[in-house]
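Visitor: here is my input, please return the structure:
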Amino acid sequence: MDQVTSYNLSFSQLFHKAFLKREKQIFENGKNALRIFNGFTEGFPEISIDLYGRTLVIHSFNKTEGNAYPLSTAIGEDAANWIPDLKCILLKERFSKNPKKQQGTILFGNQPDVEIAEWDTRYKINLQLNRDCSFYLDSSLLRKWLLENAAGKRVFNTFAYTGSLGMAALAGNAKFVIQTDLNPHFLQIFSETAKINQIDPKRYRIIPGNFFRVASDLRQNNNLFDTVIIDPPFFSKTDDGIVDQLQNGIKLINKIRPLVAEGGNIITINNALFLSGKEYLAQLEKICTDSFVQIKDFIPVPTSFFGGEFNQEHMPADPAPFNHSTKIVILEVHRKDGRYE
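Guide: Prediction:
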């Protein structure tokens, strides 16, 4: 059976069911961004599909070079029928040996969308910047939390990537935001986002650099923050330190604790697929044995991102008590010295 026949028999119905679940969100606003099919949780792990404005992004996890095209063509035909104003279709091949194919090949249209809107805030995007899409859809409700809770706060956004979490804090009237990432090219997208939202440059600072070095410099200068966001890559190694979300994500929390003011928050995001929710909580509880760090809340992943129900068969680890393998926790921090300023 060829791929297109397989698509017609197995995938099309799954895709249409997923589309109907999200149809209201899709047509609410032509600038919305959301996942409209999650293969890992909706029964077809080879494919996930996002919509950024009116650009359809097909993520193929097929490990055979070239096999994604027939399937993606059929997907595009269905999507074009259901979303008549679709203007571009982009295929990203995660396991291709060609970096350009990982970043995305345009199958239809000319120019992918360069801007989306979420919670009444505008964001610049570059859908071919990287293997991903430069804007993480699974952290949508965290951006909403920042919009609602960042007013008057000093915020430090580490591993900021394109700075969407810091932008949400600024849109929520944060007093001041520092965005840091190793790659200055990624941070340039935040600069464009801040500009279209008319954010006063005096309210934020961009620091390209290594997390460990930047955090040490800020500590030596006695900086304190009300909110620190830790959203690291799954694994990274530099001369200054190692990031390993599966084995030692807690190390980053301990590194950043001295920068948190009395009563402040650390927002930690762990998206390790093979780390279960219970295992992650057990790691966090090791630093909550005294009264200085406490688990305050969880932030769920939007149900649109995974379809609202799990096909556990395709999940590497059970995320419970979280609703997805992207595990977002708000920690409340207290200091022995009680220092706020």
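
Visitor: my guess is L141 meets P302, correct?
Guide: Yes. Assessed by CB atoms under 8 Å, L141 is found in contact with P302 at 5.7 Å. Placement of C-beta: from N, CA and C, glycine included.

Visitor: what's the nearest residue to P184 once chain neighbours are set aside in contact with, if anything?
Guide: Leaving aside its sequence neighbours, P184 sits nearest to P208 (CB to CB, 6 or more residues apart in numbering; 3.8 Å). P208 makes contact with 180-184, 187, according to CB atoms under 8 Å, 6 or more residues apart in numbering.

Visitor: and the residues you listed, which of them are buried?
Guide: With burial judged by 16 or more other CB atoms under 10 Å, the buried subset of those is 180-182, 187.

Visitor: how about the lengthiest strand in the chain: buried residues?
Guide: If you go by DSSP state E, the chain has its longest strand at strand 260-270. Within strand 260-270, the residues scored as buried using 16+ other CB under 10 Å are 260-261, 264-270.

Visitor: which pair in those spans the largest distance?
Guide: Farthest pair in the buried residues of strand 260-270 (CB to CB) is A261 and N270. Separation: 23.4 Å.

Visitor: before we move on, the earlier item: the longest strand of the chain pairs with which strands?
Guide: Partner strands and pairing direction for strand 260-270 (DSSP bridges) are strand 225-230 (parallel), strand 327-333 (antiparallel).

Visitor: now those strands in TSV, with mean neighbour count and mean pLDDT?
Guide: Compiled in TSV, the strands paired with strand 260-270 are given as follows (neighbours: other CB atoms under 10 Å; pLDDT from 0 to 100):
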stretch	mean neighbour count	mean pLDDT
strand 225-230	24	98
strand 327-333	21	98
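
Visitor: now those strands in JSON lines, with distance to T41?
Guide: Output for the strands paired with strand 260-270, formatted as JSON lines (distance: least, CB to CB, whole Å):
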{"stretch": "strand 225-230", "distance to T41": "25"}
{"stretch": "strand 327-333", "distance to T41": "15"}
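
Visitor: can you tell which of the ones you listed is closest to N38?
Guide: Here strand 327-333 is closest among those (CB to CB), at 16.3 Å.

Visitor: which residues are contacting that closest one?
Guide: Contacts for strand 327-333 (CB under 8 Å, 6+ apart): 139, 142, 145, 253, 257, 260, 262-271, 275, 277, 280, 284, 288, 292-301, 319, 322.

Visitor: how about stretch 73-80?
Guide: 4, 7-8, 11-12, 15-16, 47, 49, 56, 58, 86, 89, 107-108.

Visitor: from the residues you listed, list the buried ones, please.
Guide: Applying 16+ other CB under 10 Å to the contacts of stretch 73-80 flags 7, 11, 15, 47, 49, 56, 58, 86, 89, 107-108 as buried.

Visitor: between these, which is closest to H334?
Guide: Checking the buried ones among the contacts of stretch 73-80 one by one against H334 (CB to CB), the nearest turns out to be I49, at 43.9 Å.
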